[in-house]
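Novice: Build me a structure from this.
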Amino acid sequence: TDLIFLIRFRHCCLLRNQRCVLAYLYDRLLRIRALRWEYGSVLPNAIQFHMSAEEVEWFNQYKKSLATYMRSVGGEEGLDLTQDIKPPKSLYIEVRCLRDHGEFEIDDGTTILLKKNSQHFLPRWKCEQLIRQGVLEHILS
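Specialist: Sure, this is the predicted structure:
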C-alpha cells in the first residue's frame, strides 16, 4: 500500500512534465509560424541557427501550405496575404534606404537605385518586404 502512493505521485509528476513539454513545443510552433509572417519565406541565418531540423522542416511545410493557399485565392496571380500585415493608411510611403541594395523595379517599369541614405516615395506594397528585411526604413512625417 505504501508503493501505491509513490506510484500515483510519480505518475502525476510524469503527466505534469508531459503537459509542460507539450505547451513549450506548441508555443515554439506558434512563434515559428509568426516568423513566416514577419520575415517572409526565407529566415535569417541567425534565427535558423537556433531551430532544430524538425522545426525547419515544419517551417518549410507551413511555407508551402501558405503559398498553395495564396495561389488558390485571388484569381490568376493569387493573393499575397503577407504584404499588408496592418491595413495601410496610404498607398504610397516615403522610405529611406539603410544599406546599398541595388536596382529595384516597380510595376510600371521604373527602376530605382537603392543606395544608402537615399529617400524615395514608393508604393507601400512593393517595399513592405524590404522594410521587414531591414533594407528600407519608413519615414514618418
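Novice: Quick check: Leu15 vs Leu29, distance?
Specialist: Applying CB to CB, to the nearest Å, the value for Leu15 to Leu29 is 21 Å. For every residue, glycine as well, the C-beta is placed using N, CA and C.
Novice: An error on my part: the question was meant for Val95.
Specialist: In terms of CB to CB, Val95 sits 33 Å off from Leu29.
Novice: circling back to that earlier point, could you check which of Leu15 and Leu29 is surrounded by more residues?
Specialist: Shown here are Leu15 and Leu29; by other CB atoms under 10 Å, Leu29 has more neighbours (14 against 10).
Novice: Show me where the chain has its helices.
Specialist: In the chain, the helices defined using DSSP state H lie at 2-39, 45-48, 53-72, 124-133.
Novice: Tell me which residues of the helix or strand of the chain with the lowest mean pLDDT come out buried.
Specialist: Of all helical and strand segments in the chain, the minimum by mean pLDDT, DSSP states H and E falls on helix 124-133, at a mean of 83. For helix 124-133, a neighbour-count test (16 or more other CB atoms under 10 Å) marks 124, 126-130 as buried.
Novice: Where does the prediction get shaky in the chain?
Specialist: Low-confidence segments of the chain (pLDDT under 70): 84-85, 88, 141.
Novice: Spell out which residues make up each domain of it.
Specialist: Domain ranges of the chain: 1-72, 92-138, per the TED database.
Novice: With distance to Leu81 added, can I get those domains in a markdown table?
Specialist: Below are the domains of the chain laid out as a markdown table (distance: least, CB to CB, whole Å):
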| stretch | distance to Leu81 |
| --- | --- |
| domain 1-72 | 6 |
| domain 92-138 | 12 |
